[in-house]
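S.K.: sharing a sequence plus its predicted fold:
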Amino acid sequence: MNHLLLYGDFLYFPEDKMAYIPAAIEMIFLFLLCFAVFFAVKNLSKRQELKTKELEERILKQKEQNKEKHTEP
């Protein structure tokens, strides 16, 4: 029971509610930063996916051309 009372010191609720403003601003800023990073990674992933599909199509076309060259005497 005594160890539970030791953790009570970490809880601090200030009487002056103005102390919450910097924490709220920081939290909003971090949420916006998280969303920005999320969408940046999502867009980067989409671009890489398109490049990979394009590369795959080129490779498949080259394979088909090589097959046609080898099958025609």
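M.R.: Noted; the coordinates are in hand.
S.K.: now do the helix or strand encompassing residue 69, average pLDDT.
M.R.: For residue 69, the enclosing helix or strand under DSSP states H and E is helix 20-71. Mean per-residue pLDDT for helix 20-71: 94.
S.K.: tell me how far it lies from the chain's centre.
M.R.: Computed by Cα atoms, centre = their mean, to the nearest Å, the chain-centroid distance of helix 20-71 equals 11 Å.
S.K.: what is it packed up against?
M.R.: With contacts defined as 3 or more Cβ pairs under 8 Å, 6 or more residues apart in numbering; DSSP states H and E, there are no secondary structure elements packing on helix 20-71. (Glycine included, C-beta is placed from N, CA and C.)
S.K.: make residue 1 into 26 and carry on from there
M.R.: New numbering, starting at 26: the last item is helix 45-96.
S.K.: now the residue nearest the centre of the chain: how far from residue 78?
M.R.: The centroid of the chain falls nearest to residue 63 when counting by Cα atoms, centre = their mean (3.6 Å). The gap separating residue 63 from residue 78 is 23 Å, by Cβ to Cβ, to the nearest Å.
S.K.: how about residue 40?
M.R.: 60 Å.
S.K.: comparing these two, which residue is more hemmed in?
M.R.: A side-by-side neighbour count of residue 40 and residue 78, using other Cβ atoms under 10 Å, places residue 78 first with 10 against 5.
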